[in-house]
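Trainee: just to be clear, the model below is a prediction. Sequence and coordinates:
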Amino acid sequence: MEQTKAIGFQLNELSRMIRRNLDEQINELHIDEITGVQGWIIGYIYRQSQEKDVFQRDIERAFHIRRSTVAETLRLMENKGLIIRESVEHDARLKKLVLTPKALQIQTQIATKIQEVEQKLISGLSKGELMLFLEIVDKMKSNLDHMGEVE
């Protein structure tokens, strides 16, 4: 198969384009203290913390990022005053991630820009096309999650 027609190549290219568009939108906000990944993490913590405590391992799983990378990213976010780590009552070793007021303000601004990029991304797609795309992506992710398992 020609490399430019390979699914992995196409998805990687689409991912880079989405990230570039989102970074451009966020740059318009002149929020110099965060990176694109930090913005995604702020959004994740914001959404998840509405229902439960969020820990480093949750970030690792949700973003499929290595433990060391997440630890460094969270350390930088903490230094920038975006998150704090609070002990939890049932296990003092565990530290939940909590957004600061500064991060909450940034979250509101970023959420608007993410919505703009999402709308641009799906413009011209029918609801059926979008649903089919999401189903296919879910199957592909499941295939990779189960890669190497004996059937």
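Mentor: The structure has been received and is ready for your questions. Fair warning: this is a prediction, and the values are worked out from it, not measured in the lab.
Trainee: can we go C-alpha only for contacts and neighbour counts from here?
Mentor: Fine.
Trainee: check which helix or strand residue 119 maps to.
Mentor: Secondary-structure element containing residue 119, defined by DSSP states H and E: helix 101-122.
Trainee: and that helix, what does it pack onto?
Mentor: Contacts defined by 3 or more Cα pairs under 8 Å, 6 or more residues apart in numbering; DSSP states H and E place helix 101-122 against helix 7-27, helix 36-48.
Trainee: where's the residue nearest the centre of the chain relative to residue 145, distance?
Mentor: Nearest to the mean C-alpha position of the chain, by Cα atoms, centre = their mean, lies residue 40 at 4.0 Å. The gap separating residue 40 from residue 145 is 22 Å, by Cα to Cα, to the nearest Å.
Trainee: with residue 16 instead?
Mentor: Taking Cα to Cα as the measure, residue 16 falls 22 Å from residue 145.
Trainee: and the top strand by length along the chain, how far from the chain's centre?
Mentor: Ordering each strand of the chain by length in residues (DSSP state E) puts strand 91-99 first. Strand 91-99 sits 20 Å away from the centroid of its parent chain (Cα atoms, centre = their mean, to the nearest Å).
Trainee: next, the angle helix 101-122 makes with it.
Mentor: Using axes from the mean of the first three to the mean of the last three Cα atoms, to 10 degrees, the direction of strand 91-99 lies 60 degrees away from that of helix 101-122.
Trainee: got the CA positions of whichever strand or helix holds residue 139 in CSV?
Mentor: When elements are assigned from DSSP H and E, residue 139 belongs to helix 127-145. Taking C-alpha atoms only, helix 127-145 is exported to CSV below (Å, rounded to 0.1, in the frame of the first residue of the first chain):
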residue,chain,number,x,y,z
LYS,A,127,-24.7,13.1,10.9
GLY,A,128,-24.5,9.6,9.4
GLU,A,129,-21.0,10.2,8.0
LEU,A,130,-19.9,11.5,11.4
MET,A,131,-21.4,8.5,13.3
LEU,A,132,-19.8,6.0,10.8
PHE,A,133,-16.4,7.7,11.2
LEU,A,134,-16.7,7.5,15.0
GLU,A,135,-17.7,3.8,14.9
ILE,A,136,-14.7,3.0,12.6
VAL,A,137,-12.3,4.9,14.8
ASP,A,138,-13.6,3.1,17.9
LYS,A,139,-13.2,-0.3,16.2
MET,A,140,-9.6,0.6,15.1
LYS,A,141,-8.7,1.7,18.7
SER,A,142,-10.2,-1.6,20.0
ASN,A,143,-8.2,-3.6,17.5
LEU,A,144,-5.0,-2.0,18.7
ASP,A,145,-5.9,-2.3,22.4
